[in-house]
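J.: Build me a structure from this.
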Amino acid sequence: MGRTLLAGIIAAIAFAVSFSSAAAEDLVRLSRSSALIGEHIDMTVQVTAPAGATVELTPGTPSWLGVELVSIASVTRVGQANGDLWVIQARVAAFVPGAIPFAPSVAIITGAEARSLVLPPVNLKVVETLAPDAALELTPLAPPVGIEGAQSPWLIPGIVAGVAAGLSLLAALSWVSVRAIGRRLRRVTPGWSAPEVPRTLEGAEQLLHSDPVGAYRLMSSVVKTELARRYGVRATALTTNELRRKLETGGERWEARLVGGLLEECDSVIYAGYRPAAERREADLTMAREIVEVSN
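T.: Numbering: from 1, shown residues only. Next up, the predicted model:
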């Protein structure tokens, strides 16, 4: 009986140690190993980072192999002796058919520095929704079928009269609205104007905590303008992903990752209603300064 109890305790301790070691490894788990094209599947990402660092998914990089990030359900950080364990629950969808070694990448951000990490790949089989011998053209519609009855002779005149009445009403409402707005503008007290903020990173710093949307819009504009001057690309006319691919094609892979991460943060604040914490705003402003001030 004593030997059996001792053996059970030793086995439990060995299991706990092995589980702790496995939990500290960087890994990716998918809820299923196969999915249809565009079908949503759950993904769990586990990354160990230095204490105080931030871990973020970086979709769109080559290692994702046509798998797109749909949404992030939760992000959990657990402090450990050798750093912080980050567990990210997300949902993804694949759009490239066949068996692919899907290896998502993450960015580990420490202060103003960012390091890219490609996680161990997992096998994912993406199944096409069409059969191999399915026709790739649309089936023609059935020809129209006549019905009994005749069109009323008053239908066309009624439609014309209704459109004319609607246009007249719209014109009258527009005229009344313009007059009301003009009277309101004339009643506004003259001599006051909002303080102007310089279109620079210093201006972004002034708005960083009072107007985050304006601050991140300035950061995005200044960084894109500097990249357009430095590399001769139409940065202001490109989306974040297009600009990142343009820089990677030109051999600026590291700067492409930094710029892509910052501009994605700017897009989230400007268009998605995301409001980062004060420390994160300061870190983003510092990264924008480093991108702008780096030597050519």
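
J.: which residues in the stretch 1-150 of the chain form strands?
T.: 27-30, 34-36, 40-49, 54-57, 67-80, 83-94, 98-102, 105-110, 113-118, 122-127 (DSSP state E, counting those that start in this stretch).

J.: May I see these organised as CSV, with mean pLDDT, distance to residue 202 and mean neighbour count added?
T.: In this view, the C-beta of every residue, glycine as well, is placed from N, C-alpha and C. Below are the strands of the stretch 1-150 of the chain laid out as CSV (pLDDT from 0 to 100; distance: least, CB to CB, whole Å; neighbours: other CB atoms under 10 Å):
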stretch, mean pLDDT, distance to residue 202, mean neighbour count
strand 27-30, 93, 42, 15
strand 34-36, 90, 49, 16
strand 40-49, 94, 32, 19
strand 54-57, 92, 26, 20
strand 67-80, 92, 32, 13
strand 83-94, 93, 34, 18
strand 98-102, 90, 43, 15
strand 105-110, 92, 24, 19
strand 113-118, 91, 23, 16
strand 122-127, 91, 46, 16
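
J.: for those strands, which one sits closest to residue 169?
T.: strand 67-80 (44.3 Å; CB to CB).

J.: Show me how far that closest one is from its chain's centre.
T.: Centroid separation for strand 67-80 versus its chain: 13 Å, with CA atoms, centre = their mean, to the nearest Å.

J.: Stretch 90-110 too?
T.: 14 Å.

J.: cool, and stretch 219-231?
T.: That offset, for stretch 219-231, works out to 20 Å (CA atoms, centre = their mean).

J.: Check which residues of it are buried.
T.: In terms of neighbour count (16 or more other CB atoms under 10 Å), stretch 219-231 has its buried residues at 219, 220, 221, 222, 223, 224, 226, 227, 228.

J.: Between all of those residues, which two are at the greatest distance?
T.: Longest span within these, CB to CB: 219 and 228, 15.0 Å.

J.: correct me, but residue 125 touches residue 34?
T.: Yes. In this structure residue 125 lies within contact range of residue 34 using CB atoms under 8 Å: 4.0 Å.

J.: Can you give me the neighbour number for residue 201?
T.: Neighbours of residue 201 under the rule other CB atoms under 10 Å: 22.

J.: Over to the one 3 residues further on?
T.: A count of nearby residues for residue 204, using other CB under 10 Å, gives 27.
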